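> sequence first, predicted coordinates after that:
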Amino acid sequence: MSGEEETAKTWLFSKEQIRNSPSVIKGVSFEEERTARKVSCKFIAEIGQNLMYPPTILAINSAKVFLNRYYMVEPLDNSADKIFQHKLVGITCLFVACKTEECLRSLRHFIWAWNQIEADSKRGTWPFGRYEGDDVKRKSWQVDEATPKFQEVREQILMFERDLLHVLGFDFQVDHPHGYIMRFTRFFDSVKRDKESRALVMSSSEEDRFTEFGHLVITTANAMANDSSSTTLAIQFKSSSVAAACVSLALRTQKFKAPTLEKWAPKWNEERLRDADPRFQAASISIEEQEGDTCVPFPTYCVKTLLSF
């Protein structure tokens, strides 16, 4: 079974299920939950960029997917310190994702990054205190690990990590859309309209050689795929479908003359079966999806979500 099929078996939800998540059932509005997810995903990105340079995008995106999966099992914390709790969920998801994506960082670096991001240098305040020792090389936000505030947040992260592992069922597999984007770019080059003079792939036996325009489309689509991990698209659609939406939208921004979805989707479904990689054989595209009482052409919904993000 391919990674995409395995993910679809466990972690894909309908639009109705997402609109009736555990948080909504507990009385939190859908918009409030959507905002909380965005805030937590933004915090994950900030911590990830602070921890790693260049940032490990794969770990950051996996953390966002873990967070979205978690909130399909457990409700948002709506207590008085809910903002802190949302960030606690986010940083723990990143802590776990860094382990699964083999870019390990010690827990103290996560706490220091949080301390640095939320420090108020003008007022001289840090959420978990400041370093008061004699080491001149150590930054003020690198608080001593023995302090009560550091130990408190450390224990909170470790406690929530156990909860997260239980909810995920130790299923850390995330099939990201980025792996399909180059394949879709080559595909769209092969089905472009006759009126389109711009090539995405060089006329060469080396199929991985893209034109400058092709690289622009791939870069744009990858950026959109990164954004998609901050939405619920990753728990609504297979990653190949999200990749198709990202490439389709990237081409649309460049006014590329591609055929309509109804024409290219059947061709994709035929071509994928000839691919030797079982991952691509499983990457089918649905032409329609049900939304209310109307059928919406896919990837229209994904494109609309990306445009609104």
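Everything's here; your move.
> so which elements touch the host helix or strand of residue 160?
Using DSSP states H and E, the element containing residue 160 is helix 148-168. For helix 148-168, the helices and strands in contact under the criterion 3 or more CB pairs under 8 Å, 6 or more residues apart in numbering; DSSP states H and E are helix 57-70, helix 82-100, helix 107-117. All C-beta spots, glycine's among them, are computed from the backbone N, C-alpha and C.
> the longest one to helix 57-70, inter-axis angle?
What it means is helix 82-100. With axes from the mean of the first three to the mean of the last three CA atoms, to 10 degrees defining the directions, helix 82-100 sits at 130 degrees from helix 57-70.
> sketch out the low-pLDDT regions of the stretch 1-150 of the chain for me.
For the stretch 1-150 of the chain, the stretches with pLDDT under 70 are 1-9, 53-55, 80, 121-124.
> let's have the helices and strands packed on helix 148-168 in CSV, adding mean neighbour count and distance to residue 19.
Formatted as CSV, the helices and strands packed on helix 148-168 follow (neighbours: other CB atoms under 10 Å; distance: least, CB to CB, whole Å):
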stretch, mean neighbour count, distance to residue 19
helix 57-70, 25, 14
helix 82-100, 22, 20
helix 107-117, 20, 31
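> do you know how far residue 47 is from residue 233?
In this structure, residue 47 and residue 233 are 22 Å apart, going by CB to CB, to the nearest Å.
> strands of the stretch 151-300 of the chain, start to end?
Taking DSSP state E, counting those that start in this stretch as the test, the strands found in the stretch 151-300 of the chain are 288-291, 294-297.
> just for the stretch 201-309 of the chain, where's the confidence low?
204-208, 271-309.
> please enumerate the helices of it.
Taking DSSP state H, counting those that start in this stretch as the criterion, the stretch 201-309 of the chain carries its helices at 212-228, 239-253, 261-272, 278-281, 300-308.
> so which of the ones you listed is the most packed in?
Most buried of the helices of the stretch 201-309 of the chain, by mean neighbour count (mean count of other CB atoms under 10 Å): helix 239-253, with a mean of 24.
> distance from that helix to the middle of the chain?
On the basis of CA atoms, centre = their mean, to the nearest Å, helix 239-253 sits 15 Å off its chain's mean C-alpha point.
> so that helix versus helix 212-228, what angle?
130 degrees.
> what's around the nearest residue to residue 192 once chain neighbours are set aside, how many residues?
Spatially, and ignoring its direct neighbours in sequence, residue 192 is nearest to residue 258 (5.9 Å; CB to CB, 6 or more residues apart in numbering). Around residue 258 there are 17 other residues, counting by other CB atoms under 10 Å.
> so residue 258 makes contact with residue 187?
No: using CB atoms under 8 Å, residue 258 is not in contact with residue 187, being 10.1 Å away.
> now list whatever residues contact both of those two.
Jointly contacting residue 258 and residue 187 under the rule CB atoms under 8 Å, 6 or more residues apart in numbering are residue 264.
> run through who's touching the helix holding residue 160.
Applying CB under 8 Å, 6+ apart, the set of residues contacting helix 148-168 from outside is 66, 69-70, 73-74, 88-89, 91-93, 95-96, 107-108, 110-111, 114, 127-129, 143-145.
> buried sites along stretch 24-34?
Across stretch 24-34, burial judged by 16 or more other CB atoms under 10 Å covers 24, 28, 33, 34.
> turn the helices of the stretch 201-309 of the chain into CSV, columns for distance to residue 16.
CSV is the format used below for those (distance: least, CB to CB, whole Å):
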stretch, distance to residue 16
helix 212-228, 20
helix 239-253, 18
helix 261-272, 23
helix 278-281, 29
helix 300-308, 13
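> who's in contact with the most centrally placed residue in the chain?
Nearest to the geometric centre of the chain sits residue 229, at 2.1 Å (CA atoms, centre = their mean). By CB under 8 Å, 6+ apart, the contact set of residue 229 is 41, 60, 61, 64, 65, 176.
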